[in-house]
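In: predicted model, plus sequence, below.
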Amino acid sequence: MGRHSKKTDSHIRRNSVIALTGLIPIGLVTAANTAGAAPKVPFFNTSSAETVDTAAQATQEPQAQILPAVEAIAEPAPAAAPEPAPLAPVQATPPLPASMAEGALGIPSVSVAAYQNAERILAVEKPNCNMHWTLLAGIGRVESGHANDGKDADANGNLYKPVIGLPLNGSLPGQAVIMDTDGGALDGDTVYDRAVGPMQFIPSTWNQYAGDGNGDGIADPQNLFDSALTTGKYLCDGGLNMQDVTQVASAIHRYNNSAAYVANVLAWSLGYSTGIVPAASDLPRIH
């Protein structure tokens, strides 16, 4: 008979009730009837004294329906969609002094913020350009000394006094003659164009590439954030890739048609990337 040969009379009566009522599937009884234990049947009490009364009720009262186990398991709630990861901050590598006054490679913090902000925007708008903020910093260093070591700009990048270059009338060696293109709106000169802002754009170029770097709805050449973004857009124009040194040189040459200018920008950009101050031989005089 095996291990079930020693069941008590109450066990036998209980199993008889189950077989008569037909309420519990045989599979559930078999699964519960392990190790010689009496099956624990829902709705039935386990004492032998109450078994007969319960069986009598089974013939008079409707029985509760036992749902299949698979239906009793609640469906898991759908997982919430993950939130997009915020843009990672651009880090200066290696860390640089806070300003030029503290070292040859120093950059004012507001200028660093403007250059790095332009890199983040261009990574979304022109991802194939692969712009790095140190290239923008190289141009900012050569053009205006990072807005005179930050002394000419407030914490929001707005210049205290507009930076306006000399009239482009051909009076200097190698200087092009560019007649007025904006009615003096940006440079105040209605006869000749003048370079404007810390990144020194002529009005016609600014109007073509102007970018709103600080998101205030205005593209202002006298704002560090706007001018840095505009510089990046101009360098990236034409599908140029700033990871290709030949294309980088072409882009800078477009910015200023001078080999010495290109050499200076590249030297400072490399310096900001490596932490090594450019040698004097890497900084030829710009005519």
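Out: That came through fine. Not measured: the values here are computed from a predicted model. Numbers count the residues shown, from 1 in each chain.

In: excluding chain neighbours, what is closest to Leu135?
Out: Leaving out its chain neighbours, the residue that sits closest to Leu135 by CB to CB, 6 or more residues apart in numbering is Ser269, at 4.8 Å. Where you see a C-beta, it was placed from the backbone N, CA and C, and this is true even at glycine.

In: okay, stretch 195-211 in CSV with CA atoms only?
Out: Extracted C-alpha coordinates of stretch 195-211, given in CSV (Å, rounded to 0.1, in the frame of the first residue of the first chain):
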residue,chain,number,x,y,z
ALA,A,195,34.1,93.1,-37.4
VAL,A,196,31.8,92.8,-34.4
GLY,A,197,31.8,91.0,-31.1
PRO,A,198,34.4,88.9,-29.2
MET,A,199,34.6,86.4,-32.1
GLN,A,200,34.9,89.2,-34.7
PHE,A,201,32.3,88.6,-37.4
ILE,A,202,31.7,90.9,-40.3
PRO,A,203,27.9,91.7,-40.4
SER,A,204,27.2,89.8,-43.6
THR,A,205,28.7,86.6,-42.2
TRP,A,206,26.9,87.1,-38.8
ASN,A,207,23.5,87.5,-40.5
GLN,A,208,24.1,84.2,-42.4
TYR,A,209,25.1,82.0,-39.5
ALA,A,210,23.8,83.8,-36.4
GLY,A,211,23.0,81.4,-33.5
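
In: and that stretch, which residues are buried?
Out: 195-203, 205-206, 209-211 (16 or more other CB atoms under 10 Å).

In: now the helix or strand where the residue nearest to Leu135 lies: mean pLDDT?
Out: Secondary structure assigned from DSSP states H and E places Ser269 in helix 259-274. Across helix 259-274, pLDDT averages out at 97.

In: same deal with stretch 152-163?
Out: Mean predicted confidence for stretch 152-163 is 95.

In: what sits up against it?
Out: 108, 110-111, 113-114, 144, 147, 196-198, 200, 213-214, 220, 222-226 (CB atoms under 8 Å, 6 or more residues apart in numbering).

In: dump the buried residues of stretch 195-211 into JSON lines; add distance to Pro95 and pLDDT as well.
Out: Formatted as JSON lines, these follow (distance: CB to CB, whole Å; pLDDT from 0 to 100):
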{"residue": "Ala195", "distance to Pro95": "32", "pLDDT": "97"}
{"residue": "Val196", "distance to Pro95": "32", "pLDDT": "98"}
{"residue": "Gly197", "distance to Pro95": "28", "pLDDT": "98"}
{"residue": "Pro198", "distance to Pro95": "23", "pLDDT": "97"}
{"residue": "Met199", "distance to Pro95": "24", "pLDDT": "98"}
{"residue": "Gln200", "distance to Pro95": "28", "pLDDT": "97"}
{"residue": "Phe201", "distance to Pro95": "30", "pLDDT": "97"}
{"residue": "Ile202", "distance to Pro95": "35", "pLDDT": "97"}
{"residue": "Pro203", "distance to Pro95": "37", "pLDDT": "98"}
{"residue": "Thr205", "distance to Pro95": "33", "pLDDT": "97"}
{"residue": "Trp206", "distance to Pro95": "33", "pLDDT": "98"}
{"residue": "Tyr209", "distance to Pro95": "31", "pLDDT": "98"}
{"residue": "Ala210", "distance to Pro95": "32", "pLDDT": "98"}
{"residue": "Gly211", "distance to Pro95": "27", "pLDDT": "98"}
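
In: return the member of those nearest to Asp237.
Out: Here the nearest of the buried residues of stretch 195-211 to Asp237, counting by CB to CB, is Tyr209; it sits at 7.1 Å.

In: got phi/psi on that closest one?
Out: Note on Tyr209: backbone dihedrals following degrees, to the nearest 10 are phi -120, psi 0.

In: heads up, I number from 43, so please use that
Out: That works, and once the first residue is 43, the last one we named lands at Tyr251.
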